[in-house]
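**Student:** sequence plus predicted model, see below.
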Amino acid sequence: MPINLTKNSLSAIMDGDINSKPLVQVLDIKPIASNQERYRFLLSDTVSTQQAMIATQLNGRVKSGEVRKGSVIQLIEYICSAVQNRKIIVVLNMETIIPDCDIIGNPLMPSGSDFSVGNALPNSNVINPIGGSNTKVAAVGNSNNAQNFRPTIQPAYQPPPNYKNHGPVVKNEAPARILPIAALNPYQGRWAIKARVTAKGDLRRYNNAKGDGKVFSFDLLDSDGGEIRVTCFNAVVDRFYDVIEVGKVYMISKGTLKPVQKNFNHLKNEWEIFLEATSTVDLCPDEDVSIPKQQFNFRPISEIEGAENNSILDIIGVVISVNPSVPIMRKNGMETQRRNLNLKDMSGRSVELTLWGDFCNREGQDLQELVDSGYFPVLAVKAAKVNDFSGKSVGTISSTQLFINPDIPEAHSLNEWFRRGGKDCAAQSISRDVMPLGGKNEVRKTILQIKDEGLGRSEKPDWVTVKATLSFIKTDTFCYTACPLMIGDRQCSKKVTKSGNTRWVCDRCNQEFEECDYRYLLQAQIQDHSGVTWVTAFQEAGEEILGCSAKELYTLKSEEQDERFAEAIRSKIFVPFLFKLKVKEETYGEEQRVKTAVIRADRVDFAAESRFLIDMIMKHRKR
């Protein structure tokens, strides 16, 4: 990777600027003969050279070879000490960037065979900034200023406090050069970027060993397509949180670049900007059309099957179903909302998307109203998180953005495909315990075939689809009391018991809480023209069958609204569904039983079902 030294940084330091962290090169290293070993450097910024002395605690870096001739280093902490009307840089802290490198640029070299301070340091004190014994440096000058200076030891000298601010500071106020985001690196001095805010995270509070704090982040996109995340802490949050608006363009400078933590940052950039007290964020008043509103890197739903758990990606699909929003209690005792919906695309797959928090009541409510009215919108999801629990699904995080029917080519293509027949194309779900991904076509069976073919009795479960109706639903135990706390991004959901009269207790989480959750454990009979069988529908499948949450149905029953409760059940009897079933033999005590679980329940689309039956007839006619 090419390295750019911080040009003119040495002259700026000599003028009093000790606040930057320039990148410079070590051209030479010489020991200073004294009882206390010291080293002096000749530094280059590609334009000029300057002599420097390192603090004694940095000697080990020279001895180990971490810093040597040719090394590119970053000056982290330093002072500029005046000696007999001449100045020398005293390096207190530094970082090695490249241990060995050819000379960069064409710096102005000192005269003579060996670099020296000539007559500049006769019998003068150079402060030891570490607080130990101080060295008086003496130099024997000559006519060509090429003699090495030789230090002599003097009595200990106590340095003045706050040496970092010693002397006047003259800032280099030249305007920073605007760089593309892709060109940013920690080795540059003054820089600025012009970019659009594409996402803004929530303000979060935290507590650690250093005390309480607050933090928020936002993402930037520039005209070259470069993206980077910016993070603010504590007092910097107060300066910029209300200033930053999604969609606006800003000029940002004087931030610090640090390596990105990939676990928390999905953007394609090795660095992340941290704003500080001296940072500037200026709104650009004129709309810059060269910077796009958003940048997507869509992945087909079929590729999510092979994506790593917790990876972050962009997806786009047609919303084919939306479940009601349900309240969920997080482990910190705070309640949030969760809503599940399903997307499908041209890859022949569908996936479950889980909306959390405000997404449920904003975009989630809009999507539900559209789907309920018979319109199936296109949804683009920026920064969705992959979950591999019971199949592959995706969910929203704080930096996720949802775009309903966005004006982009991918959305127009999807909409046209769906309108021209994609609506009726079968899509295999990759979410939850769905059918295995090996076959492209779902396996249709009748209830009688499940029994006659002995499905579920092999080592692995059988996955089939049955078109049937509900003929009976058990209403005495249709749900159970569940733990509402969140473990990571999943709900605990373990059965909980009453502790006293008002509180619930979870043995897994070892916590008590005022309210529990209610989750479906629905036992029902389904029937088709060939027979009847018992099935069990858990939470998501129960919501798909009954069209409401278990808590809503439990409330109707517990408040003795018998007629409304009975109507909610009765309205689903003899309604045709396409049931996707998992059939598996399980052991209860010493008895083997075949259990059938409803993984998904879709209302029958009669047009699509008619086409399916016609295709089946045509296949049989060709035999």
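**Tutor:** Done, it's in.

**Student:** going by C-alpha atoms from here, please, whenever you check contacts or count neighbours.
**Tutor:** OK.

**Student:** now do the buried residues in the helix or strand hosting residue 88.
**Tutor:** In this assignment (DSSP states H and E), residue 88 forms part of strand 86-98. The neighbour-count check on strand 86-98 (16 or more other Cα atoms under 10 Å) flags 87-92, 94, 96-97 as buried.

**Student:** any idea how far residue 255 is from residue 74?
**Tutor:** 16 Å (Cα to Cα, to the nearest Å).

**Student:** from the contact counts, what lies against the helix or strand where residue 463 lies?
**Tutor:** Remark: residue 463 resides in strand 462-473, with elements defined by DSSP H and E. The contact analysis (3 or more Cα pairs under 8 Å, 6 or more residues apart in numbering; DSSP states H and E) places strand 462-473 against strand 522-528, strand 576-588.

**Student:** one more time with 10 Å
**Tutor:** When contacts are defined as 3 or more Cα pairs under 10 Å, 6 or more residues apart in numbering; DSSP states H and E, strand 462-473 sits against helix 447-452, strand 522-528, strand 531-537, helix 562-570, strand 576-588, strand 591-603.

**Student:** neighbours of the closest residue to residue 580 other than its chain neighbours, just the number please.
**Tutor:** The shortest distance from residue 580 to any non-neighbouring residue, by Cα to Cα, 6 or more residues apart in numbering, is to residue 465 (4.4 Å). Using other Cα atoms under 10 Å, residue 465 is surrounded by 22 other residues.

**Student:** wait, residue 465 sits on residue 604?
**Tutor:** No. Using Cα atoms under 10 Å, residue 465 makes no contact with residue 604, being 12.0 Å away.

**Student:** between the two, which contacts overlap?
**Tutor:** Residues touching both residue 465 and residue 604 by Cα atoms under 10 Å, 6 or more residues apart in numbering: 577-579.

**Student:** now these in CSV, with distance to residue 294 and neighbour count?
**Tutor:** Output for the shared contacts of residue 465 and residue 604, formatted as CSV (distance: Cα to Cα, whole Å; neighbours: other Cα atoms under 10 Å):
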residue, distance to residue 294, neighbour count
577, 40, 21
578, 38, 18
579, 39, 24
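
**Student:** let me have those residues in a markdown table, adding distance to residue 386 as columns.
**Tutor:** Below are the shared contacts of residue 465 and residue 604 laid out as a markdown table (distance: Cα to Cα, whole Å):
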| residue | distance to residue 386 |
| --- | --- |
| 577 | 29 |
| 578 | 27 |
| 579 | 25 |
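
**Student:** ok, so of those, who is nearest residue 65?
**Tutor:** Each of those was scored against residue 65 by Cα to Cα, and residue 579 proved nearest at 69.6 Å.

**Student:** beta-bridge partners for that closest one, please?
**Tutor:** Residues in a beta bridge with residue 579, per DSSP bridges, are residue 466, residue 601.

**Student:** please report the distance of it from residue 536.
**Tutor:** 11 Å.

**Student:** any shared contact partners between those two?
**Tutor:** 597-599.

**Student:** could you save the residues you listed as CSV and add columns showing pLDDT?
**Tutor:** Putting the shared contacts of residue 579 and residue 536 into CSV (pLDDT from 0 to 100) gives the following:
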residue, pLDDT
597, 92
598, 92
599, 87
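
**Student:** just give me the closest of these to residue 190.
**Tutor:** Closest to residue 190, out of all of those and judged by Cα to Cα, is residue 599, at 57.7 Å.

**Student:** how does this structure divide into domains?
**Tutor:** 9-165, 177-283, 301-429, 447-478+521-615 (automatic domain parsing).

**Student:** out of those domains, which gets nearest to residue 486?
**Tutor:** Of all the domains of the chain, domain 301-429 comes closest under Cα to Cα, at 4.4 Å.

**Student:** mean confidence for the strand holding residue 463?
**Tutor:** Averaging pLDDT along strand 462-473 gives 92.

**Student:** mind checking how far it is from the chain centre?
**Tutor:** 40 Å (Cα atoms, centre = their mean, to the nearest Å).

**Student:** send the alpha carbons of it over as CSV?
**Tutor:** The C-alpha trace of strand 462-473 is given here as CSV (Å, rounded to 0.1, in the frame of the first residue of the first chain):
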residue,chain,number,x,y,z
ASP,A,462,-40.0,-35.8,6.1
TRP,A,463,-41.2,-32.5,4.7
VAL,A,464,-44.4,-32.3,2.7
THR,A,465,-47.1,-29.9,1.7
VAL,A,466,-50.8,-30.8,2.1
LYS,A,467,-53.8,-28.9,0.9
ALA,A,468,-56.3,-29.3,3.7
THR,A,469,-58.8,-27.5,6.0
LEU,A,470,-59.0,-27.2,9.7
SER,A,471,-61.7,-29.3,11.1
PHE,A,472,-61.1,-28.9,14.8
ILE,A,473,-59.0,-26.6,17.1
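
**Student:** and the strands in the stretch 351-500 of the chain?
**Tutor:** 378-387, 393-395, 401-404, 428-429, 462-473, 479-482, 486-487, 490-491, 497-499 (DSSP state E, counting those that start in this stretch).

**Student:** do you know which of the helices and strands packed on strand 462-473 lies nearest residue 260?
**Tutor:** strand 591-603 (39.4 Å).

**Student:** how far off centre is the closest one?
**Tutor:** A distance of 36 Å separates the centroid of the chain from that of strand 591-603, by Cα atoms, centre = their mean.

**Student:** can you count the residues close to the nearest residue to residue 318 once chain neighbours are set aside?
**Tutor:** Among residues not flanking residue 318 along the chain, residue 378 sits closest, at 4.4 Å (Cα to Cα, 6+ apart). Residue 378 has 25 neighbours, counted by other Cα under 10 Å.

**Student:** next: the one 5 residues further on.
**Tutor:** Neighbourhood size, residue 383 [other Cα under 10 Å]: 27.

**Student:** what score does it have for pLDDT?
**Tutor:** 89.

**Student:** for residue 93, same thing?
**Tutor:** 85.

**Student:** touching, it and residue 59? I think so.
**Tutor:** No. Applying Cα under 10 Å, one finds residue 93 not in contact with residue 59, separated by 11.1 Å.

**Student:** Provide the contact partners of the longest helix anywhere in the chain at residue level.
**Tutor:** Assignment by DSSP state H gives helix 606-622 as the longest helix of the chain. Here helix 606-622 makes contact (Cα under 10 Å, 6+ apart) with 421, 423-426, 467, 576, 578.

**Student:** switch the cut-off to 8 Å
**Tutor:** 424-425 (Cα atoms under 8 Å, 6 or more residues apart in numbering).
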